[in-house]
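Colleague: quick one, structure for this:
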Amino acid sequence: MTAYKAAMSREVKTLYVAEAEDGIRLDRWFRRRWPHLSHVQVQKMARSGQIRVDGSRAKPEDRLTAGAAVRVPPIPDPVEKTPGERPTLSDRDVAYARSLVLFEDDMVIALNKPAGLAVQGGTKTTKHVDRLLSAWGEGLERPRLVHRLDRDTSGVLLLGKGPEAAKRLAGAFARRQAKKTYWAIVMGAPSRGPGRSDLALKKSGINDFEIMRPADPKEHGAEPAETAFATISRAAHRASWMALRPFTGRTHQLRAHMKAMGHPILGDPKYGDEASNELSGPLKLQLHARRIELDHPGGGKLIVEAPLSPEMKAGFAHFGFSEDEAEQDPFAGVKRIR
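Modeller: Okay, here's the model as predicted:
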């Protein structure tokens, strides 16, 4: 069994949510400050009542408001690997993890996450990106996740090397400073745009049956969501290749917004309908995190693009799309409403 040396401060603190953090999820707020915490650790602290917001229990997915008082329980220090300890990953796993690298320097790693690989583990998920990060070491050497992609979405996934780099990258995502461009193939022929959807979304169901549905912004539990969209190419009126830019980071936001617009993303078993499922045929989810642009934590700009996944290549081949049809940035000059 792997053994680690860990220390923990016994001090309970009360910290206040900054104005720039208004609307951030509770779990992301914690991991922005303590990047070494796992998602499971934050969940356990919240569900056991150790974390409280303005004196009340809170769920990991709850949104925080500026000025809220957060009770912070004792936080475990980053673990350090015991000298001489055997690696937790096989040589094959290490090689696989490193084969996913698109870009790496002393502060940032950009991975090309394949479709089907979860970002974080769960009760039935043992192979995931978070586990593979041990390929770079443990303790302070272990990279930190700073954002997420759905299991079946392929493309660019950024990691921070060290607590400070991770904190800066996570802060950029929390403040919505990262420009994310997704490519998707959807049913039908949406307007060419660029346009926006600002339909609020509300989560319903649990676990594998969890889904985001349109909601009135005043409805309890509804979350504001904003997506910019632009059509790059069309296959007659059957399907369209689109660029999507989320200005907010709600669960399944792009998939739910396109479904609500009447143009579900093809290959989507959760948000598709009978017509889109028939058009999709054997195609897997046609959603790909193509590009991320944001400030590099060490200065300057960081721009990373991920090549098409095998799943998206199959969709492009089926409908006759070609990558050279795309503009460098179809959202040039487009800004979020909020």
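
Colleague: can we go C-alpha only for contacts and neighbour counts from here?
Modeller: Fine.

Colleague: now the helices for this protein?
Modeller: For the chain, the helices defined by DSSP state H occupy 26-33, 39-47, 91-99, 129-132, 163-174, 253-260, 274-280, 310-319.

Colleague: so which of those gets nearest residue 243?
Modeller: Comparison of the helices of the chain against residue 243 by CA to CA identifies helix 253-260 as nearest, at 10.5 Å.

Colleague: pull the CA atoms of that closest one into PDB?
Modeller: In PDB, the C-alpha atoms belonging to helix 253-260 read as follows (Å, rounded to 0.1, in the frame of the first residue of the first chain):
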ATOM      1  CA  GLN A 253     -23.700  23.800 -20.900                       C
ATOM      2  CA  LEU A 254     -22.900  23.500 -24.600                       C
ATOM      3  CA  ARG A 255     -24.800  20.300 -25.000                       C
ATOM      4  CA  ALA A 256     -27.900  21.700 -23.100                       C
ATOM      5  CA  HIS A 257     -27.800  25.000 -25.000                       C
ATOM      6  CA  MET A 258     -27.600  23.400 -28.400                       C
ATOM      7  CA  LYS A 259     -30.400  21.000 -27.500                       C
ATOM      8  CA  ALA A 260     -32.600  24.000 -26.400                       C
END
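
Colleague: just the buried positions in it, please.
Modeller: Neighbour-count burial for helix 253-260 flags 253-259 (criterion: 16 or more other CA atoms under 10 Å).

Colleague: related to what we said a few turns ago, out of the helices of the chain, nearest to residue 303?
Modeller: helix 163-174 (13.0 Å).

Colleague: can you list the helices of the chain in a markdown table and add mean pLDDT?
Modeller: Formatted as a markdown table, the helices of the chain follow (pLDDT from 0 to 100):
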| stretch | mean pLDDT |
| --- | --- |
| helix 26-33 | 87 |
| helix 39-47 | 89 |
| helix 91-99 | 93 |
| helix 129-132 | 92 |
| helix 163-174 | 88 |
| helix 253-260 | 96 |
| helix 274-280 | 95 |
| helix 310-319 | 97 |
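
Colleague: same list (these) but as TSV, adding distance to residue 194.
Modeller: Conversion of these to TSV gives the following (distance: least, CA to CA, whole Å):
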stretch	distance to residue 194
helix 26-33	30
helix 39-47	35
helix 91-99	35
helix 129-132	33
helix 163-174	23
helix 253-260	14
helix 274-280	23
helix 310-319	21
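
Colleague: which residue is nearest the centroid of the chain?
Modeller: A centroid search over the chain (CA atoms, centre = their mean) returns residue 148, at 2.2 Å, as the residue closest to the centre.

Colleague: on that earlier part again, going by distance to residue 245, which of the buried residues of helix 253-260 wins?
Modeller: residue 254 (8.4 Å).

Colleague: that closest one contacts residue 242, correct?
Modeller: No - checked against CA atoms under 8 Å, the pair residue 254 and residue 242 is beyond contact range at 11.2 Å.

Colleague: domains of the protein?
Modeller: Domain ranges of the chain: 7-72, 91-173, 179-325, per automatic domain parsing.

Colleague: nearest to residue 334, of those domains?
Modeller: Of all the domains of the chain, domain 179-325 sits nearest to residue 334, with 8.0 Å by CA to CA.

Colleague: centre of the chain to the closest one, how far?
Modeller: Centroid displacement of domain 179-325 relative to its chain, using CA atoms, centre = their mean, to the nearest Å, is 13 Å.
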